[in-house]
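> just coords:
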């Protein structure tokens, strides 16, 4: 099995859950989405999805919606190092235009205004930093930016841009 099963809410630990949607990865609509998403940037290997289902659960307590079956460490590594080929993703990212960066700026502007603090007092964790485009915008605005990432090539890129990458154990140290 290449998935971990969540039988309680990852936010509040409640076990009273509602199934919103559930179907096999063999479902044509799910396969069509996966092929559309992954084939343009790498590949997809269905053998790792054979015994899993795409199931969305909603917590009756906090109303958080989440996936029941989530890829384990092995499958996450496959996804981010092979299915999404790092060099293909980096090439795609290099073609982003000004509108993309303007959108990043506008998101960060909302965050800064919400906290009503100078940017240098705001710490941001970019969870799944990728090629660090959003994080570099946050850094340029003066925010203290940190990232998490699974892909070794993407980690090297973030570090080249002086963006610290935190491990799971380090995240809580940066409150």
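Happy to help now that I have it. Note that the structure is a prediction, hence the values are computed from the model and not measured.
> Now residue 162. Its backbone dihedrals?
The phi/psi pair for residue 162 (degrees, to the nearest 10) reads phi 60, psi 40.
> Now do the same contact list for the residue nearest the centre of the chain.
The residue lying closest to the centre of the chain (C-alpha atoms, centre = their mean) is residue 128, at 4.5 Å. Counting by C-beta atoms under 8 Å, 6 or more residues apart in numbering, residue 128 touches 148-150. (Each C-beta comes from the backbone N, C-alpha and C, glycine too.)
> Just the pLDDT for residue 90.
Predicted confidence (pLDDT) for residue 90: 88.
> and the gap between the residue lying closest to it once chain neighbours are set aside and residue 83?
Excluding its sequence neighbours, the residue lying closest to residue 90 (C-beta to C-beta, 6 or more residues apart in numbering) is residue 131, at 5.7 Å. Using C-beta to C-beta, to the nearest Å, residue 131 is found at 16 Å from residue 83.
> Which one's more surrounded, these two?
Neighbour totals were compared for residue 131 and residue 83, and residue 131 leads with 21 against 18 (other C-beta atoms under 10 Å).
> right, and that one touches residue 153 too?
No - contact criterion C-beta atoms under 8 Å: residue 131 and residue 153 do not qualify, at 9.0 Å.
> Next, show the common contact partners of the two.
Shared contacts of residue 131 and residue 153 (C-beta under 8 Å, 6+ apart): residue 90.
> Let me see the contact set for residue 113.
Applying C-beta under 8 Å, 6+ apart, no residues qualify as near residue 113.
> and if you look at residue 161?
Contacts of residue 161 by C-beta under 8 Å, 6+ apart are 132, 135-136, 139.
> ok, and the most crowded of the residues you listed?
The most neighbours of any of the contacts of residue 161, using other C-beta under 10 Å, belong to residue 132, which has 24 neighbours.
> Could you say which helix or strand holds the residue nearest to residue 21 when sequence neighbours are not counted?
In this structure, residue 21 finds its nearest non-sequential neighbour in residue 56, 4.6 Å apart by C-beta to C-beta, 6+ apart. If you go by DSSP states H and E, residue 56 is part of strand 53-59.
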